[in-house]
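# Structure for the following, please:
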Amino acid sequence: MKEDSAPKPNSVMVLSAAAATGHLRAADALVSAFEAQGISARHIEVLRYTNPVFRKIYSDLYVELMTRGPDLLGWLYITFDRPWQFQKRRLALDRLNTGPLVKLIRQQSPDLALCTHFLPAEILIYLRKKKILDIPIGVVVTDFDAHAIWILQNVDWYFVACEETQGYLTALGIPSETIFVTGIPIDLKFGMEKPKAETRIHLGLDQDKTTLLVSPGGFGVGPVESLVHTLHEIQHPVQIAVICGRNTRLEGRLKNLPPAPSSDENLWLYK
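Predicted coordinates:
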């Protein structure tokens with residue numbers, strides 16, 4: 001069947017997990033893209049349908065490690081980057097609480113499911129294996145590199161950021177015809193051209209200064225204050241825009257930073 005003659009799905013369920021903001025925004029971007037094509041789509045954050053204790057631990061652990069233990073996080077990343085070796089141990093969520101999620105999927109009855117996080121993909125594959133659900137499953141890898149936690153058996157489609165990732169998955173035995181290089185989904189509004197002067201006015205930025213953007217992700221993690229201190233040393237009239245995301249503590253600390261040695265620098269904070 002030719003690609004352009006394939007029937008469109010009537011409805012799509014896009015599933016994510018609130019372990020990092022990027023997974024959520026990628027899911028939102030996919031929903032917007034489907035709806036722009038006249039296809040009904042819904043974003044489901046699966047941790048809302050799990051045990052509350054598990055949800056709290058799962059969503060907060062990554063941010064805590066990024067903020068306070070990046071070396072430990074790096075060690076865990078390397079240690080568990082072993083395809084196929086730890087999958088059975090990662091199904092604790094299914095045994096904790098999948099009932100509400102299964103009920104929701106059955107009620108919605110989507111034509112297919114796309115997952116922008118490995119956790120919902122594991123759940124759906126497990127449920128399909130148990131013949132509880134029967135829908136096609138696609139995995140949208142929201143990293144440029146496919147860590148082992150993304151690599152699952154019996155996925156219908158993989159959508160990856162670059163050709164290197166496609167080659168890596170193929171070398172692991174995943175059928176090449178199921179892997180598509182699409183890039184990481186971003187919201188359609190980022191493709192819209194906006195007048196520079198009007199945008200600066202809207203954001204409260206100086207019209208003439210060089211603008212430096214510091215974007216530490218939706219959770220605002222990393223050595224942001226150290227980076228801002230370094231940017232203070234630039235011998236040029238600049239303004240620094242920092243995206244603090246959900247990190248209100250970071251926003252407060254940046255507000256209390258001493259002013260830059262140069263009076264020509266401005267610091268702007270955004271959520």
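# which residues of the stretch 51-200 of the chain fall in helices?
Under the criterion DSSP state H, counting those that start in this stretch, the stretch 51-200 of the chain contains helices at 52-68, 70-79, 92-96, 99-108, 118-129, 163-171, 196-203.
# Compare those and say which comes out lowest on pLDDT.
Here the lowest mean pLDDT among those goes to helix 92-96, at a mean of 54.
# can you tell me which residues contact the nearest residue to Asp187 once chain neighbours are set aside?
Counting by CB to CB, 6 or more residues apart in numbering, Asp187 lies nearest to Ala29, which is 4.6 Å off, once chain neighbours are set aside. Yep, even glycine has a C-beta here, placed from its N, CA and C like the rest. The contact partners of Ala29, by CB atoms under 8 Å, 6 or more residues apart in numbering, come to Pro185, Ile186, Asp187, Leu188.
# For the residues you listed, which single residue is the most surrounded?
Taking other CB atoms under 10 Å as the neighbour criterion, Pro185 ranks highest of the contacts of Ala29 with 23 neighbours.
# How about the contacts made by that one?
So Pro185 contacts Ala26, Ala27, Ala29, Leu30, Ala33, Thr116, Val140, Thr142 (CB under 8 Å, 6+ apart).
# Any idea how far stretch 189-206 is from the middle of the chain?
24 Å (CA atoms, centre = their mean, to the nearest Å).
# quick revisit: show only the entries of the contacts of Pro185 found in strands.
When those are checked against strands (DSSP state E), the matches are Val140.
# Could I have the buried ones of the contacts of Pro185 as ChimeraX selection syntax?
Remark: buried members of the contacts of Pro185, expressed as a ChimeraX selection using 16 or more other CB atoms under 10 Å:
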select :26,27,29,30,33,116,140,142
